[in-house]
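1. take this sequence and fold it.
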Amino acid sequence: MVIDLFGLTVEQVREQFPAVYQQVLENVKPERDQNNRDRYKKNWSVFGEARRDWRQMVIGLPRYIATVETTKHRLFQFLDAEILPDNMLVNIASDSAGLLGILASRVHIAWALAAGGRLGIGNDPRYNKTRCFETFPFPNISPDLQAKTRDLAERLDAHRKRQQAQHSQLTLTGMYNVLEKLRSGEVLSAKDKTIHE
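-> Here you go, the predicted structure:
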């Protein structure tokens, strides 16, 4: 969680939210005063970059599609529009379950692995939106297949969220590690079996 003061002047924050103002003044401004970027020094009360374009794109959407830029497993999920994403997420301003289904498909995942780069100690796949998303040859599918794709994507997203809500220690990475082992026929450890159950 962060304090997001986008759209408010320092004076408005000081007058309307004095405790928040004091918190940001004491804990953010000293660091921003040392920053080499003039924009950060001048706009010390605004969290990170304002992301004006992104905020405009999601107006009216209840949710949007996101994936972590660099991760072991390429996962797409819906995030609530109230969540302001950080710089490590690749975000798609769409609430379409059909699009989520296509992005989560094995075809798109294979495309993304081939087209994207690799990064980090584990050489994890990197999702580059200009190379992975913008160049992907989205299929022209029948209305029946579109409906099936939407339904499966909604069910997948709801299932993962429901399981994580019921099991606070469960992560998407943990789920997909087990799924990968199941697909390859690898023997599951005791921890894997617990996750699978």
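
2. can you map out the strands along this protein?
-> 63-68, 77-80, 89-92, 117-119, 124-126 (DSSP state E).

3. helices or strands up against the second one?
-> Using 3 or more C-beta pairs under 8 Å, 6 or more residues apart in numbering; DSSP states H and E as the contact criterion, the secondary-structure elements in contact with strand 77-80 are strand 63-68, helix 143-166. Any C-beta I mention is one placed from the backbone N, CA and C, and that applies to glycine too.

4. include mean pLDDT, mean neighbour count and distance to residue 93 when you put these into TSV, please.
-> Written out in TSV, the entries for the helices and strands packed on strand 77-80 read as follows (pLDDT from 0 to 100; neighbours: other C-beta atoms under 10 Å; distance: least, C-beta to C-beta, whole Å):
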stretch	mean pLDDT	mean neighbour count	distance to residue 93
strand 63-68	96	21	6
helix 143-166	97	14	17
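
5. can you count the residues close to the residue lying closest to residue 71 once chain neighbours are set aside?
-> Distance criterion C-beta to C-beta, 6 or more residues apart in numbering; nearest residue to residue 71, sequence neighbours excluded, is residue 124 at 5.9 Å. Residue 124 is flanked by 16 other residues according to other C-beta atoms under 10 Å.

6. residue 74: which of the helices and strands packed on strand 77-80 is closest?
-> Closest to residue 74 of the helices and strands packed on strand 77-80, according to C-beta to C-beta: strand 63-68, at 6.5 Å.

7. partners of that closest one in the sheet?
-> Sheet pairing here is set by DSSP bridges, and for strand 63-68 it gives strand 77-80 (antiparallel), strand 89-92 (antiparallel).

8. run through who's touching the first one.
-> Spelled out, it's strand 77-80. 62-67, 85, 91, 95, 100, 157, 160-161, 172 (C-beta atoms under 8 Å, 6 or more residues apart in numbering).
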